[in-house]
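*Asks:* structural data only, the sequence is not supplied:
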């Protein structure tokens, strides 16, 4: 009897294992992963690209594009949010460096999303901060060019960044504001040095802001109390830049949320705002 029971268990386990092993992994509908090289710096990245449902049905139609950093963290949520709120859009997620040679797959974000080197020698050696300008050049000359040459993108471009990606978005905004038309900056992770750097850039590039007239959405979790002063400082920079043609939403507070739990509502509010901005 014990032998028969054991045999039955083994048979069921074998059948279950076979069935599970034959399952196909879930993939995001209408999406693909495209390798791309930062040729100037000999770095390999990937683009996570999702097309709208109507893309193949309307071969003459062109679509706005939302670009986001931290693609592996953001694309699922951004896809779900836009599927219901702004379906007629192309999504482009920019990965971390693939061949970074570090077990921490996200480590390149500290280098790519920060404009200023750390004053701490040990931290600088560990993370190589301060190469945002190089990453911006890659996005402008490599990523955007590739997307607009290979997909039916119109002339409306938006950026969504969260945390350090939000601070990188501020750097893009004040360095080369015409990179994107609209910026969604969720809980941007500034420190005093990076905030001062953004302020200096905004003063230096007022003429660029007048030409491009970008719009900016900024959010912060209500429970991110340690970041309030820096966030208000950033809003002061934006307010001064408004004299140069920049527009902004004011600081949007995500109620009862900290840095982690504010993410979903930030995406929802940001995409709702963007939909109105792009006239959809």
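*Replies:* Nice, I can see it. Quantities reported herein were computed from a predicted structural model and do not represent experimental measurements.
*Asks:* secondary structure element holding residue 218?
*Replies:* strand 215-221 (DSSP states H and E).
*Asks:* which neighbouring elements make contact with whichever helix or strand comes after that strand?
*Replies:* Per DSSP H and E, the first helix or strand lying C-terminal to strand 215-221 is helix 228-241. When contacts are defined as 3 or more C-beta pairs under 8 Å, 6 or more residues apart in numbering; DSSP states H and E, helix 228-241 packs onto helix 164-175, helix 192-204, strand 215-221, strand 247-254. Where you see a C-beta, it was placed from the backbone N, CA and C, and this is true even at glycine.
*Asks:* ok, so what distance separates residue 58 from residue 141?
*Replies:* Taking C-beta to C-beta, to the nearest Å as the measure, residue 58 falls 29 Å from residue 141.
*Asks:* nope, residue 263 is what I meant
*Replies:* From residue 263 to residue 141 the distance is 30 Å (C-beta to C-beta).
*Asks:* what's the answer for residue 131, then?
*Replies:* For residue 131, the distance to residue 141 - C-beta to C-beta - is 15 Å.
*Asks:* next one: residue 208
*Replies:* Taking C-beta to C-beta as the measure, residue 208 falls 17 Å from residue 141.
*Asks:* what about the helices in the protein?
*Replies:* 2-21, 71-85, 108-112, 121-127, 132-138, 144-150, 164-175, 192-204, 206-212, 228-241, 263-277 (DSSP state H).
*Asks:* quick one: closest of those helices to residue 158.
*Replies:* Closest approach to residue 158 among the helices of the chain (C-beta to C-beta): helix 263-277, 5.5 Å.
*Asks:* which parts of the closest one are buried?
*Replies:* 263, 265-271, 273-275, 277 (16 or more other C-beta atoms under 10 Å).
*Asks:* coming back round to it: residue 208 and residue 141: who's more crowded?
*Replies:* Neighbour count, other C-beta atoms under 10 Å: between residue 208 and residue 141, residue 208 has more, with 19 against 13.
*Asks:* give me the pLDDT for the more buried one.
*Replies:* With respect to pLDDT, residue 208 scores 96.
*Asks:* just how off-centre is the lengthiest strand in the chain within its chain?
*Replies:* For the chain, the strand that runs over the most residues, judged by DSSP state E, is strand 153-162. Distance of strand 153-162 from the chain centroid (C-alpha atoms, centre = their mean, to the nearest Å) equals 10 Å.
*Asks:* so what are the sheet partners of it and their directions?
*Replies:* Counting by DSSP bridges, the strands paired with strand 153-162 are strand 63-68 (parallel), strand 182-186 (parallel).
*Asks:* okay, the angle between the last one and strand 215-221?
*Replies:* Calculated by axes from the mean of the first three to the mean of the last three C-alpha atoms, to 10 degrees, strand 182-186 forms an angle of 10 degrees with strand 215-221.
*Asks:* could you do the first one as well?
*Replies:* For strand 63-68 against strand 215-221, the angle by the same axes, to 10 degrees is 40 degrees.
*Asks:* need the residues that contact strand 63-68.
*Replies:* 52, 55, 74-75, 78, 82, 88-94, 139, 143-144, 147, 151-154, 156-161, 165, 180, 274, 278, 280 (C-beta atoms under 8 Å, 6 or more residues apart in numbering).
*Asks:* likewise the shortest one?
*Replies:* Contact partners of strand 182-186, identified using C-beta under 8 Å, 6+ apart, comprise 156-163, 166-167, 169-170, 172-173, 214-219, 262-263, 266-267, 270-271, 273-274, 277-278.
*Asks:* drop anything exposed from the residues you listed.
*Replies:* Applying 16+ other C-beta under 10 Å to these flags 156-163, 166-167, 169-170, 172-173, 214-219, 262-263, 266-267, 270-271, 273-274, 277-278 as buried.
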